[in-house]
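1. Sequence and predicted structure, then a few things I'm wondering about:
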Amino acid sequence: MSKLNHLSQQECYDILNEALKTGADFAEVFMEDTVNYAQEMISCQTTKCTTSMVKGAAFRIIKGETVVNATTTDLSYQNLMKEASKLASNFVGEKTQDVCEFKDTTNNANVNINEERIYDDGTPILDKFSKAALAVSKEVVQTIANITKKNQEIFVFASDGAYAHDHRCNTRVSLTVVASDGKNMQSINSNAGGNKAMEQYDDFDGETFGRETAESAITMLHADEMVGGEIPVVIHNGFGGVILHEAAVHGLEATSVARGMSVFCGKVGEKIGSDIVNAVDCGTDYEAWGSLNVDDEGTPTKRNLLIENGILKGYLVDKRNAKKMNHPITGSSRRESYKHMTTSRMTNTYFLNGESTFEEIIANTKYGLFAKRMGGGSVNPATGEFNFAVNEGYMIEDGKITKPVRGATLVGSGKDVLMRIDMIANNLAHGHGMCGSMSGSIPTNVGQPTIRVSKMTVGGKGSK
């Protein structure tokens, strides 16, 4: 894989100066060299194995409120100079800005890739948990196992002095189990990943991973339909954090806030959650799925405190929106590839641990729903209103988890959920997802300890 280091610092200066020659305030070049790999096995038979490569550069020039962008696949110095001149011609004026001295922010504090292990064969892992799932019951009619790897190297340099390389390798395995009794079908998905190579699966318990996924699918196959109502809801740890991610923190990204399109606009310093709610977006969790050494503007990532004791502390902000909002840059600018314009996005976003235990939360719930596995849904970022599916759910009755229920949906708004969280456990865990937004699809962790929301609208097809 190319190290994208064929340009000297002087050549980088030349390219940026060329871009600034007609009076722009800011110029930036983002370069990447990426290999995407995917393998799929259906019921232990390999059905897909693909490799694709993405290599190119993106220019961005800003003058006042105007932004112009261009992309190219020719990374030679001569072509980059040509593209810089062409893009600069969008403005008319004299040069007003010089290129700042470069400050190299490259480091390996958060992600350190073992390059020798990137392309290890994933077939034995997929085969192990697929066989374990199929062995659970004859009602398991299909398994779909996948492994994906995005091995990406980036280099970004900009007129404000940013100058950084980063190497990322987002590797994830997933399993979908389909169960059927001949009349109905039910599917459950599990996944595990990180921003590191294949060594993360050396001690991975694939048999338990496969078996537990299959057992959940069979349980839900035979579950009763959820009876709707407004009741307390206990949302389990790990991927349950999709509630925070979708219904709240998308509304804290500058993408929405700078345009006045968020319910949380102008709320810094105000109470937006209950006293026990603390939440962060942390790009520095070592080798976590959403971690980066630097963001896609070359800014080192950091631990951004979003909510402290229910008080909104800040937003996720990229360079361009920092000026609009008069807000510090948070190392949160991300893009799927050079083909997408970068903007503020999440990394690893989660509620912090509380003081209760999981057992205490269940024991203190007279009646409610235990949402063990969350699924997909839809959210309006401007209002925070959401509708989420519960993939695996159980009733809580007299402080005990009882019968399984299927088809439950959670309906509400992020601002209401944050205020109604009245218990948080001490069992923080994470889930690994792909987040789609204005700058494409990127790896993001969602996470939380088990939480209890005192009152939520729960939809379902069941009847009393």
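-> Cool, the structure landed.

2. Check residue 108 and give its pLDDT.
-> Among the per-residue scores, residue 108 shows a pLDDT of 84.

3. surely it meets residue 293?
-> Yes. Counting by C-beta atoms under 8 Å, residue 293 is a contact partner of residue 108 at 6.2 Å. Quick note: C-beta positions are derived from backbone N, CA and C, even for glycine.

4. Counting neighbours, go ahead and name the busier of these two.
-> Between residue 108 and residue 293, residue 293 has the larger neighbour count (other C-beta atoms under 10 Å), namely 24 against 10.

5. Residue 92 against residue 63, yeah?
-> No. Under the contact definition of C-beta under 8 Å, residue 92 does not touch residue 63, with a separation of 10.1 Å.

6. Could you list the buried residues of the top helix by length along the chain?
-> Of all the elements of type helix in the chain, the one with the most residues (DSSP state H) is helix 206-221. Neighbour-count burial for helix 206-221 flags 206, 209-221 (criterion: 16 or more other C-beta atoms under 10 Å).

7. ok, how many other residues are close to residue 230?
-> Using other C-beta under 10 Å, residue 230 has 11 neighbouring residues.

8. what's downstream of the strand or helix carrying it, the next helix or strand?
-> Element membership of residue 230 [criterion: DSSP states H and E] is strand 229-235. The C-terminal neighbour of strand 229-235 among helices and strands, as given by DSSP H and E, is helix 242-247.

9. list the helices and strands that next one packs on?
-> Packed against helix 242-247 by the contact rule (3 or more C-beta pairs under 8 Å, 6 or more residues apart in numbering; DSSP states H and E) you find strand 348-351, strand 367-380, strand 385-397, strand 409-413, helix 414-420, strand 429-437, strand 440-448.

10. winner for burial among the ones you listed?
-> Of all the helices and strands packed on helix 242-247, strand 348-351 carries the top mean neighbour count, a mean of 28, counting by mean count of other C-beta atoms under 10 Å.

11. So what's the gap between that one and the chain middle?
-> In this view, strand 348-351 has its centroid 10 Å away from the chain centroid, taken as C-alpha atoms, centre = their mean, to the nearest Å.

12. same thing with stretch 28-38?
-> A distance of 18 Å separates the C-alpha centroid of stretch 28-38 from that of its chain, computed with C-alpha atoms, centre = their mean.

13. Give me the domain ranges for this structure.
-> 9-221, 224-459 (automatic domain parsing).

14. Report the inter-axis angle for the host helix or strand of residue 153 versus helix 206-221.
-> Per DSSP H and E, residue 153 falls inside strand 140-158. For strand 140-158 against helix 206-221, the angle by axes from the mean of the first three to the mean of the last three C-alpha atoms, to 10 degrees is 120 degrees.

15. who does strand 140-158 touch, helix- and strand-wise?
-> helix 9-20, strand 26-42, helix 123-134, strand 162-180, helix 206-221.

16. Make TSV out of the ones you listed and add mean pLDDT and distance to residue 422.
-> As requested, the helices and strands packed on strand 140-158 are arranged in TSV below (pLDDT from 0 to 100; distance: least, C-beta to C-beta, whole Å):
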stretch	mean pLDDT	distance to residue 422
helix 9-20	98	53
strand 26-42	98	42
helix 123-134	97	37
strand 162-180	97	33
helix 206-221	98	27
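
17. Relative to residue 431, which of the ones you listed is closest?
-> Relative to residue 431, the nearest member of the helices and strands packed on strand 140-158 by C-beta to C-beta is strand 162-180, separated by 10.8 Å.

18. Past that closest one, which element shows up next along the chain?
-> Next along the chain after strand 162-180, taking DSSP H and E as the criterion, comes strand 185-195.

19. buried residues in that next one?
-> When neighbours are counted by 16+ other C-beta under 10 Å, the buried residues of strand 185-195 are found to be 186-195.

20. Give the buried residues for whichever strand or helix holds residue 305.
-> Secondary-structure assignment from DSSP H and E places residue 305 in strand 303-308. Across strand 303-308, burial judged by 16+ other C-beta under 10 Å covers 304-307.

21. repeat for stretch 450-464
-> By 16+ other C-beta under 10 Å, the buried positions in stretch 450-464 come out as 450-454, 456, 458-460.

22. Next: stretch 45-59.
-> Buried residues in stretch 45-59, counting neighbours by 16+ other C-beta under 10 Å, are found at 54-59.

23. out of those residues, who's nearest residue 7?
-> In terms of C-beta to C-beta, no member of these lies closer to residue 7 than residue 57, at 10.2 Å.

24. give me every residue that touches the closest one.
-> 29-32, 71-73, 75, 80, 83, 338 (C-beta atoms under 8 Å, 6 or more residues apart in numbering).

25. From the residues you listed, keep the buried residues only.
-> So, by 16+ other C-beta under 10 Å, the buried ones in the contacts of residue 57 are 29-32, 72, 75, 80, 83, 338.

26. Of these, which pair is most distant in space?
-> Longest distance between any two of these is 15.5 Å, between 32 and 83; criterion C-beta to C-beta.

27. thinking again about what came up before, residues making contact with the longest helix of the chain?
-> Helix 206-221 has contacts (C-beta under 8 Å, 6+ apart) with 125, 128-137, 139-140, 143, 175, 177-181, 184-190, 192, 372-373, 391-392, 404, 406.

28. let's see it at 7 Å
-> Counting by C-beta atoms under 7 Å, 6 or more residues apart in numbering, helix 206-221 makes contact with 125, 128-130, 132-133, 136-137, 139-140, 175, 177-179, 181, 184, 186-188, 190, 192, 373, 392, 404, 406, all of which sit outside it.

29. can you check stretch 232-243 too?
-> When contacts are defined by C-beta under 7 Å, 6+ apart, stretch 232-243 is touched by residues 349-351, 361-362, 365, 368-374, 388, 396, 410, 417, 425, 427-431, 446-456, 458.

30. 6 Å - rerun?
-> Stretch 232-243 is touched from outside by 350, 361, 365, 368-372, 374, 427, 429, 431, 446-454, 456, with contacts defined as C-beta atoms under 6 Å, 6 or more residues apart in numbering.
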